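Engineer: pasting the sequence and the predicted coordinates here, then a few questions.
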Amino acid sequence: ADWLAKAFPSPGPIRRLAAGTLISAVGNGAWYTSWAIFLTHQVGLSPAEVGVGMTAAGLCGVLAATPVGWIADRVGAREMFAGLLLAQAVSAGAFGLVHGVSSFLVVACLGQVASSGTGGPRNALVLGLGNGREGAGPLDVLGQLRAISHIGWALGAIVGGAIISLNSA
């Protein structure tokens, strides 16, 4: 199947990056499908508190983009990308500890800074790994990762829907 060969990177570091992208996208899809219900029904935040908190988190992510890119240029794309993924994982787990507006703001801002900061280092990493490869070039790889990400988001939405149906923290 020619389409299958085009859809998934060949074995090596790009395939591992693609697998990580898929796993992350499934988690993001599940989270973004269920976060509003979790925060309002399980944590007890009002819809307004959730909206203001997510807006503040988004603003933190936008404001942090340039400093995060600057740091990535100094420490390396790979190291920065790994650190941001770790920060995302920590913040995802920390949502289980949220008990009010203050802790929600801290966790949401940390998570959004980490999430929005991964794009530049990931792209630099792909460009570095993709240059000199036979077959697909870096732009092809970025396209593959985008398609894999969309598949993961869709699968994650299904998982999020299943989680919501459990009606449990």
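Structural biologist: That came through, no problem.
Engineer: mind listing what Gly20 touches?
Structural biologist: Counting by Cβ atoms under 8 Å, 6 or more residues apart in numbering, Gly20 touches Leu85. Where you see a C-beta, it was placed from the backbone N, CA and C, and this is true even at glycine.
Engineer: and it, what element?
Structural biologist: Using DSSP states H and E, Gly20 falls within helix 13-37.
Engineer: so how far is that helix off the chain centroid?
Structural biologist: 6 Å (Cα atoms, centre = their mean, to the nearest Å).
Engineer: got the end-to-end distance for stretch 39-57?
Structural biologist: By Cα to Cα, to the nearest Å, the extent of stretch 39-57 from end to end equals 15 Å.
Engineer: may I see the buried residues of the helix holding Gly20?
Structural biologist: 14, 17-18, 20-22, 24-31, 33-34 (16 or more other Cβ atoms under 10 Å).
Engineer: what count of nearby residues applies to Ser102?
Structural biologist: 10 (other Cβ atoms under 10 Å).
Engineer: check which helix or strand covers it.
Structural biologist: Assigned by DSSP H and E, Ser102 belongs to helix 101-117.
Engineer: what angle sits between that helix and helix 13-37?
Structural biologist: Inter-element angle recorded for helix 101-117 and helix 13-37: 150 degrees (by axes from the mean of the first three to the mean of the last three Cα atoms, to 10 degrees).
Engineer: pLDDT averaged over helix 101-117, what's the number?
Structural biologist: Throughout helix 101-117, pLDDT has a mean value of 95.
Engineer: same deal with stretch 32-46?
Structural biologist: The model assigns stretch 32-46 a mean pLDDT of 92.
Engineer: show me what contacts Thr21?
Structural biologist: Neighbours of Thr21 in contact, by Cβ under 8 Å, 6+ apart: Leu145, Ile148, Ser149, Gly152.
Engineer: in helices, which of those appear?
Structural biologist: Of those, the ones assigned to helices by DSSP state H are Leu145, Ile148, Ser149, Gly152.
Engineer: by contact count, what packs against the host helix or strand of Ile71?
Structural biologist: Using DSSP H and E, Ile71 falls within helix 47-75. Helices and strands touching helix 47-75, as assessed by 3 or more Cβ pairs under 8 Å, 6 or more residues apart in numbering; DSSP states H and E, comprise helix 77-94, helix 101-117, helix 119-130.
Engineer: how about CSV for these, with distance to Gly53 added?
Structural biologist: Below are the helices and strands packed on helix 47-75 laid out as CSV (distance: least, Cβ to Cβ, whole Å):
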stretch, distance to Gly53
helix 77-94, 13
helix 101-117, 5
helix 119-130, 22
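Engineer: Val50 is nearest to which of those?
Structural biologist: Val50 sits nearest to helix 101-117 of all those, at 7.7 Å, using Cβ to Cβ.
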